[in-house]
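**Q** any chance you can model this:
(2 chains)
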Amino acid sequence: DTEVTQTPKHLVMGMTNKKSLKCEQHMGHRAMYWYKQKAKKPPELMFVYSYEKLSINESVPSRFSPECPNSSLLNLHLHALQPEDSALYLCASRKGGGTDTQYFGPGTRLTVL
Amino acid sequence: GEDVEQSLFLSVREGDSSVINCTYTDSSSTYLYWYKQEPGAGLQLLTYIFSNMDMKQDQRLTVLLNKKDKHLSLRIADTQTGDSAIYFCAVSFSTDSWGKLQFGAGTQVVVTP
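**A** Residues are numbered from 1 along each chain as shown, chains lettered A, B, ... in the order given. Take a look at the predicted model:
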């Protein structure tokens, strides 16, 4: 089983709203990732969690706040977003060794009005 | 940093073979991946190859790696309409503990009847 699930599938929010994206995997993977993807472009890495600790923040604005409550769950809290933040947000996980592949979830399509 | 380049578009007739090409600049790339992304979906790992291999075959998919020319290709035999998607080439390095991926821009493959 190589499944990464993400909820919700679609999200529309105003610039003053607070919302959260959720990602879950039950493969025992110890590294989890958030990516942002604009249409027809490759994914851009935002955050990396390794063993539930934030390891990489690719200079992401503070209006995006990641959280890893346990080894299976990854959240992305959103607050005061801008219309240009509208994108597909992808979660991925990896077993944890340097040679392991990343498996992606289906993504959350976010629209900021 | 690593540059990964792909042609942006490929049109192929149903039943023909498709060949998608990728070039990269850093010869210390350790793992090379092909991901498929259908409209509105996440990235699906199709196949990967270690840098000490020349070729890998998996059903209709054949991956060829030319390390001297830093060239990776994905051949899809008997292309079907369901193969229409964007295909991303990605590379990673064993020296990177976080398994970060460097993506190409993606090749949009359109399969015509």
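**Q** close to chain A: what parts of chain B are there?
**A** Residues of chain B lying close to chain A by C-beta under 8 Å from any C-beta of the partner chain are B:30-31, B:33, B:35, B:40-45, B:48, B:86, B:88, B:94-101, B:103-106, B:108. Just so you know, the C-beta spots here come from the backbone N, C-alpha and C atoms, and that holds for glycine as well.
**Q** tell me the SS of B:Asn52?
**A** Look at B:Asn52: counting by DSSP: H, G, I helix; E, B strand; the rest coil, its state is coil.
**Q** what's the answer for A:Glu84, then?
**A** Under three-state DSSP, A:Glu84 comes out as helix.
**Q** that one: neighbouring residues, count only.
**A** 8 (other C-beta atoms under 10 Å in any protein chain shown).
**Q** that's a strand at B:Gly82, yeah?
**A** No. Counting by three-state DSSP, B:Gly82 is not part of a strand but helix.
**Q** number of residues surrounding it?
**A** Neighbour tally, B:Gly82, other C-beta under 10 Å: 8.
**Q** sorry, back to before: restricted to strands, list the residues of chain B next to chain A.
**A** Using DSSP state E, the members of these that fall in strands are B:Tyr31, B:Tyr33, B:Tyr35, B:Leu43, B:Gln44, B:Leu45, B:Tyr48, B:Ile86, B:Phe88, B:Phe103, B:Gln108.
**Q** torsion angles phi and psi at the one residue in chain A that gets nearest to chain B?
**A** In chain A, no residue comes nearer to chain B than A:Pro42, which is 3.5 Å away by C-beta to the nearest C-beta. Phi and psi for A:Pro42, reported as degrees, to the nearest 10, are phi -70, psi 160.
**Q** that one contacts B:Phe88, correct?
**A** Yes. The criterion here is C-beta atoms under 8 Å, and A:Pro42 meets it with B:Phe88 at 5.8 Å.
**Q** write the ChimeraX selection for whichever of the ones in strands among the residues of chain B next to chain A are buried.
**A** Remark: buried members of those, expressed as a ChimeraX selection using 16 or more other C-beta atoms under 10 Å in any protein chain shown:
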select /B:31,33,35,43,45,48,86,88,103,108
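**Q** looking at the ones in strands among the residues of chain B next to chain A, which is nearest A:Gly14?
**A** For these, the minimum distance to A:Gly14 (C-beta to C-beta) is 28.9 Å, reached by B:Leu43.
**Q** any idea how far the closest one lies from A:His29?
**A** Note on B:Leu43: its distance to A:His29, by C-beta to C-beta, to the nearest Å, is 16 Å.
**Q** same question for A:Lys40.
**A** 28 Å.
**Q** overlap in contacts, A:Pro42 and B:Phe88.
**A** B:Phe103, B:Gly104, B:Gly106 (C-beta atoms under 8 Å, 6 or more residues apart in numbering or on different chains).
**Q** what's the neighbour count on A:Met46?
**A** 20.
**Q** looking at this, it is in a strand?
**A** Yes. Checked against three-state DSSP, A:Met46 lies within a strand.
**Q** touching, it and A:Val60? I think so.
**A** Yes. With contact defined as C-beta under 8 Å, A:Met46 reaches A:Val60; the gap is 4.9 Å.
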